[in-house]
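**Q** quick one: sequence plus predicted model below, questions after.
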Amino acid sequence: MITRNGVLSLLAVVSAAISAAPAHAAPDMQALAEKSGCFSCHAMHSKIVGPAFADVAAKYKGDAEAPAKLAQKVREGGKGAWGRIPMPPHPNLKEDEAKALVAWVLSTGS
C-alpha cells in the first residue's frame, strides 16, 4: 500500500522528471509514437479507434498508479477500459520506451 506521503513523493519525482526533460523530449516522444503505430488508433485530441491522448490524460489525472499500469497495458495490450475494441500489445517496445510514452501521453492533459 502506498501512503499519502509516498504518493506525493512519487508525484514530485515524476513532475521533476517531466520538468527536467530536455526541450526535444516531446518531439522525440511524438516520433516514437508515430514509429510504434500509436497514431493508427489514437490522436492527440480526438477519438479514432482508441481514445484521444488528452482523454487518457484526463481520465488518469492524479492517479499515481496510472503510469506503471498504462505502460504495462501498452506492452501487453488491454481491453474494456475504453469500450469493446481491445488495444493490441506492443511487445517490441522496450519497457523504458513504454514508460516514456505513457508519461508523455499523461502530460498532454496538463
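**A** Nice, I can see it.
**Q** pLDDT weak spots in this structure?
**A** 1-26, 110 (pLDDT under 70).
**Q** let's see it at 50
**A** The chain contains residues with pLDDT under 50 at 1, 4-24.
**Q** can you give me the helices in it?
**A** With helices called from DSSP state H, the chain shows them at 4-20, 25-36, 53-60, 66-76, 95-107.
**Q** just want the angle from the shortest one to helix 95-107.
**A** What that stands for is helix 53-60. Helix 53-60 and helix 95-107 are oriented at 90 degrees to each other (axes from the mean of the first three to the mean of the last three CA atoms, to 10 degrees).
**Q** who touches helix 53-60?
**A** With CB atoms under 8 Å, 6 or more residues apart in numbering as the test, helix 53-60 has contacts from 42-45, 47, 51, 66, 70, 105-110. C-betas here are computed from N, CA, C, even on glycine.
**Q** most neighbours among those, which one?
**A** The most crowded member of the contacts of helix 53-60, judged by other CB atoms under 10 Å, is Val105 (24 neighbours).
**Q** what sits closest to that one if chain neighbours are left out?
**A** Phe53 (4.7 Å; CB to CB, 6 or more residues apart in numbering).
**Q** try Asn92
**A** Closest to Asn92 by CB to CB, 6+ apart is Ser36, at 7.9 Å.
**Q** now for the one you found: which residues touch it?
**A** Contacts of Ser36 by CB under 8 Å, 6+ apart are 90, 92-93, 97, 101.
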